[in-house]
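Visitor: Kindly return the folded structure for what I paste below:
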Amino acid sequence: MISIQQISKRFGGRTLFKEASLRIGIEDRVALVGPNGAGKTTLIEMIAGRVTPDSGTIAINKKAVIGYLTQELEAHQGKTVLEEVLSGSADVSSIEHHLRLLEEEIATAPPDTAEELLAHYGELQAKYEHLGGYSRESRAREVLFGLGFKEKHLSRPMEDLSGGWRMRAALARLLLSEPDLLLLDEPTNHLDLESVVWLESFLADYAGAILLISHDRNFMNRLATRVVEVDRQQLISYTGNYDRFVIAKAEAQQILESTAKNQQKKIDQTQAFIDRFRAQATKARQVQSRIKMLDKMEKVDTGLQQKRVRFSFPEPPRSGESVIRLIEMDKSYNDNTIYRGLNVELRRGERVALVGPNGAGKSTLLKLLAGVLPFEKGERRPGHNVTQAYYAQHQLDLLSPDNTVLDEITLAAPMEEQPLLRAILGRFLFSGDDAKKKVAVLSGGEKSRLALAKMLIRPANLLLMDEPTNHLDIPSRDVLEEALNGYAGTLCFITHDRHFIRSVANKIIDVRNGEATPYAGDYDYYLYKKKAMADGTAAALDERPAQAGPPLMIDSKSVDPKSQPAKIRKTKEQKRAEAEARNRAYRDKNPVKDRLSRIESEIDEAEKVFQDLTTALADPELYQDKNRFFETMEAHAQAKQKVEELTAEWERLSTEAEGTKEM
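Guide: Okay, the predicted model is just below:
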């Protein structure tokens with residue numbers, strides 16, 4: 001459907017592409033990857049016809065319809081959300097408009113003219129039906145609801161929406177138009193987790209081709225059948241999803257480095273011959289021959305090493321066991337009640353992910369925990385010796401455009417010496433003259449790194465982070481995950497990146513319908529419990545989380561299904577009595593010891609699987625079967641990760657069990 005042949009493109013003094021080629025078929029699902037600034041968006045804009053290559057050709061099937069979701073917001077005036085989304089199907093909208101005009105004409109036309117108009121009306125009506133005109137509005141609603149809109153939003157004027165919601169409407173408009181090729185540049189950036197899952201499912205069943213840029217590994221793994229990397233001004237294609245790309249890329253790099261090493265060895269030997277016999281007349285011909293050979297030799301390029309963000313959070317002061325509590329808290333925006341009688345507690349060492357649909361109150365809860373939002377009733381009670389740092393998306397907007405990078409970090413720590421501040425900036429890839437860059441010229445990713453660097457200046461034992469991965473590429477996200485996993489304090493965060501949640505969180509709080517329900521386990525455990533409850537499994541309703549300690553947070557609106565109807569509101573005394581009863585039951589059952597016993601068996605089984613796979617990788621025949629090799633490599637990596645996770649959990653539970661004995 002699309003053939004890119006030998007294109008070259010320079011932008012801002014840099015060569016992005018040099019005689020690069022690529023083909024995209026009618027059913028391809030291509031993920032475009034590469035470091036920030038490599039030219040991914042430029043390539044998509046060239047395919048969309050917004051940018052022209054300096055040389056080379058981009059041939060597109062004349063019948064193909066291309067739809068492009070940009071990161072730029074267009075001005076919308078005079079249309080509601082639903083009208084804007086429906087306007088994406090231009091042919092259908094045009095026919096619908098003409099049908100309305102014909103209806104008016106037929107109503108007033110003389111009989112002989114009306115008969116001709118009716119015939120034309122019938123033809124247009126058949127075409128309208130064929131194009132799905134009669135089901136278009138219901139499909140538009142389905143897409144809008146999937147992306148987080150509610151019925152009350154559909155009649156709102158587009159100009160009243162925030163940038164994030166306007167971007168969602170633009171995505172809905174594009175999806176409804178069903179182009180032959182979807183060009184998607186970071187489509188999940190403005191979505192909540194549930195909308196990302198819906199979009200992923202929608203695109204998995206999409207009939208056309210897809211070319212997308214994303215930093216969401218789960219998203220690419222589910223959708224991509226091919227990964228194209230922008231590397232050294234070329235477009236290098238790898239078959240499979242993102243995980244397979246990572247493995248294949250590592251293999252290719254090893255081969256490249258081995259080839260380069262052998263070539264350098266040959267170069268050194270040749271140069272040694274030249275140096276030794278240069279002065280000997282009898283060897284002049286051989287020397288000249290070897291000199292020419294070296295001049296013509298094209299050196300193997302192993303690729304420039306990409307700079308990598310390097311940081312770790314400073315060791316914070318130790319806080320009390322209870323880090324922060326929200327007690328019987330009410331919060332409303334005008335007449336819209338978000339929370340009533342909310343109780344939340346974070347305890348030392350927890351890494352809590354807030355999940356739930358957009359608009360449910362996740363950011364509001366995070367702001368209440370941070371103390372940056374007023375509330376009508378209740379109490380916010382920080383624990384002993386708690387210091388906090390709050391990272392929110394609006395902090396990027398609070399960076400002063402006229403300040404330099406160094407100015408901004410100096411504002412965060414005016415008493416610190418310049419060498420220390422510059423050292424911290426260097427770890428976030430702002431070295432040398434980059435520290436003198438104006439904030440106004442920074443990219444979204446650079447602004448995110450600067451905001452994170454400002455957090456690093458002062459050690460805090462409570463981190464509250466709203467979408468910290470936005471604008472960060474995958475290597476930077478990996479570094480942030482690693483730093484947070486090594487962080488000794490307490491963390492509460494919001495993100496739509498499921499890989500990030502799985503890597504970091506050890507507790508989930510589900511926020512929806514004015515409630516905040518805790519799940520004392522990782523993200524997969526949360527999904528399991530949610531599915532079990534949705535399936536009506538009785539055990540899911542009664543079973544206490546296997547990794548849970550004493551109930552740390554009870555939402556004030558939750559009700560024991562065995563004792564009373566869900567709509568009855570309990571008194572404080574009732575809730576306190578139930579909490580004490582649950583605590584006693586927990587102490588009596590002592591699930592920590594039971595879990596320790598089970599996890600030891602799980603570790604034994606996981607280690608056996610890991611050893612078996614390690615043995616399999618040592619078999620030379622494995623490397624003759626590419627598919628089997630990839631499957632074994634993936635299974636080996638998963639088995640290793642499982643052993644590490646189980647061992648870490650065993651250590652945590654052992655510490656907890658010792659603490660219980662001391663009490």
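Visitor: I'd like the distance between the closest residue to Ser322 other than its chain neighbours and Leu346.
Guide: The shortest distance from Ser322 to any non-neighbouring residue, by CB to CB, 6 or more residues apart in numbering, is to Gly383 (4.5 Å). Where C-beta positions appear, they are placed from N, C-alpha and C, glycine not excepted. In this structure, Gly383 lies at 9 Å from Leu346, with CB to CB, to the nearest Å as the measure.
Visitor: again with Gly39
Guide: Distance of Gly39 to Leu346, given as CB to CB: 43 Å.
Visitor: try Asn485
Guide: Distance, Asn485 to Leu346, by CB to CB: 17 Å.
Visitor: try Arg276
Guide: As defined by CB to CB, Arg276 lies at a distance of 72 Å from Leu346.
Visitor: hmm, back to that, quick one, which of Gly39 and Leu346 is more surrounded?
Guide: With other CB atoms under 10 Å as the criterion, Gly39 and Leu346 differ in neighbour count, and Leu346 comes out ahead with 27 against 22.
Visitor: quick check, the more buried one in a strand?
Guide: Yes: with the criterion set as DSSP: H, G, I helix; E, B strand; the rest coil, the secondary structure at Leu346 is a strand.
Visitor: correct me, but it touches Asn506?
Guide: No: counting by CB atoms under 8 Å, Leu346 does not reach Asn506; the two are 11.8 Å apart.
Visitor: any residues in contact with both of the two?
Guide: Contact with both Leu346 and Asn506 is made by no residue, according to CB atoms under 8 Å, 6 or more residues apart in numbering.
Visitor: could you pull out the helices for the stretch 351-500 of the chain?
Guide: When assigned using DSSP state H, counting those that start in this stretch, the helices of the stretch 351-500 of the chain occupy the ranges 362-370, 394-398, 405-412, 418-427, 444-456, 474-485, 498-504.
Visitor: Looking at these, spot the one closest to Gly34.
Guide: Across those, Gly34 has its closest neighbour in helix 474-485 (10.1 Å, CB to CB).
Visitor: list the helices and strands that closest one packs on?
Guide: Using 3 or more CB pairs under 8 Å, 6 or more residues apart in numbering; DSSP states H and E, the elements in contact with helix 474-485 are helix 444-456, helix 498-504.
Visitor: Least confident of those helices, on average?
Guide: Least confidently modelled of the helices and strands packed on helix 474-485 is helix 444-456, at a mean of 80 by mean pLDDT.
Visitor: Check which residues of that helix are buried.
Guide: Under the neighbour-count criterion of 16 or more other CB atoms under 10 Å, helix 444-456 has 445-456 buried.
Visitor: For the helices of the stretch 351-500 of the chain, please prepare JSON lines with the additional fields distance to Gly208.
Guide: What follows is the helices of the stretch 351-500 of the chain, written out as JSON lines (distance: least, CB to CB, whole Å):
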{"stretch": "helix 362-370", "distance to Gly208": "33"}
{"stretch": "helix 394-398", "distance to Gly208": "34"}
{"stretch": "helix 405-412", "distance to Gly208": "42"}
{"stretch": "helix 418-427", "distance to Gly208": "43"}
{"stretch": "helix 444-456", "distance to Gly208": "28"}
{"stretch": "helix 474-485", "distance to Gly208": "26"}
{"stretch": "helix 498-504", "distance to Gly208": "25"}
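Visitor: for the ones you listed, which one sits closest to Lys266?
Guide: Using CB to CB, the nearest of these to Lys266 is helix 474-485, at 33.2 Å.
Visitor: Which of the helices or strands spans Val228?
Guide: In the assignment (DSSP states H and E), Val228 maps to strand 226-231.
Visitor: State the mean pLDDT of that strand.
Guide: For strand 226-231, mean pLDDT is 93.
Visitor: other SSEs contacting the helix or strand that it is followed by?
Guide: Counting by DSSP H and E, the next helix or strand C-terminal to strand 226-231 is strand 234-239. Applying 3+ CB pairs under 8 Å, 6+ apart, one finds that strand 234-239 makes contact with strand 14-24, strand 226-231, helix 242-277.
Visitor: Which of the residues in the second one are classified as buried?
Guide: When you say that, I think you mean strand 226-231. When neighbours are counted by 16+ other CB under 10 Å, the buried residues of strand 226-231 are found to be 226-231.
Visitor: closest to Ala648 among those residues?
Guide: Comparing the buried residues of strand 226-231 against Ala648 with CB to CB picks out Val227 as the nearest, at 30.5 Å.
Visitor: Pretty sure Glu376 sits against Glu328.
Guide: No: using CB under 8 Å, Glu376 is not in contact with Glu328, being 11.1 Å away.
Visitor: more crowded one of those two?
Guide: When Glu376 and Glu328 are compared on other CB under 10 Å, the one with more neighbours turns out to be Glu328, at 14 against 11.
Visitor: so Leu183, which of the three states?
Guide: Secondary structure for Leu183, judged by three-state DSSP, is strand.
Visitor: For the residue lying closest to it once chain neighbours are set aside, which residues are in contact?
Guide: Spatially, and ignoring its direct neighbours in sequence, Leu183 is nearest to Tyr68 (4.3 Å; CB to CB, 6+ apart). If you count contacts by CB under 8 Å, 6+ apart, Tyr68 has them with 44, 48, 50, 174, 183, 185.
Visitor: Need phi/psi at Tyr68.
Guide: Here the main-chain torsion angles of Tyr68 (degrees, to the nearest 10) amount to phi -130, psi 120.
Visitor: What is the burial count for the nearest residue to Arg29 once chain neighbours are set aside?
Guide: Leaving aside its chain neighbours, Arg29 sits nearest to Thr225 (4.5 Å; criterion: CB to CB, 6+ apart). In terms of burial, Thr225 registers 14 neighbours under the definition other CB under 10 Å.
Visitor: Equivalent analysis for Glu151, please.
Guide: A count of nearby residues for Glu151, using other CB under 10 Å, gives 10.
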